[in-house]
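Participant: Build the 3D model from these lines:
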Amino acid sequence: MDTVWQMIYKTLKDSGINVYEPANKVGECKKPYVVVKFAGSTKYFNYSSVRNYYNFMLYVPKNQYSYLSEFEFKVKEVLDRPPLYPLIMPTGSSENDFYDDNINAHLRMFSYYNNQRVKHL
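Facilitator: Purely as a prediction, here's the structure:
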């Protein structure tokens, strides 16, 4: 059985989006891609559940900043439909865009979450 992270990765990849695990993409950004990272979890109120967070880091080449919003929409379109929806949901939080000189890419980050029942609480 796949983990939620694995489902996210496979669904993005199967949708034609260039997707990488954290710390696996090296070198200059030549085309848009997304890195999916598990970002920790918190206990969900007083229930026997935790809320797991996933960060999506979108990268576009230096000369394609104007494509960043379109790329974000494309990625979210995949995340917001089955089989991932309603398994994962947007948190509504995002970070400021950032330019990374090391890879000549613009970065935009946003996060999603899923609730998971904990069997041993």
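
Participant: Tell me where the model's unsure across the chain.
Facilitator: 47, 120-121 (pLDDT under 70).

Participant: quick one: the strands in it?
Facilitator: 19-20, 33-43, 49-61, 89-94, 98-100, 105-117 (DSSP state E).

Participant: Adjacent strands (with direction) for the shortest one?
Facilitator: Think strand 19-20. The pairing partners recorded for strand 19-20 under DSSP bridges are strand 33-43 (parallel).

Participant: Tabulate the CA atom coordinates of the strand it pairs with in PDB.
Facilitator: C-alpha atoms of strand 33-43 as PDB (Å, rounded to 0.1, in the frame of the first residue of the first chain):
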ATOM      1  CA  TYR A  33       9.600  21.100 -11.800                       C
ATOM      2  CA  VAL A  34       8.200  20.500  -8.300                       C
ATOM      3  CA  VAL A  35       9.800  19.000  -5.200                       C
ATOM      4  CA  VAL A  36       7.400  17.200  -2.800                       C
ATOM      5  CA  LYS A  37       8.500  17.000   0.800                       C
ATOM      6  CA  PHE A  38       6.900  15.700   4.000                       C
ATOM      7  CA  ALA A  39       6.800  18.600   6.300                       C
ATOM      8  CA  GLY A  40       5.900  17.100   9.700                       C
ATOM      9  CA  SER A  41       2.700  16.500  11.600                       C
ATOM     10  CA  THR A  42       0.700  17.800  14.500                       C
ATOM     11  CA  LYS A  43      -1.900  16.200  16.800                       C
END
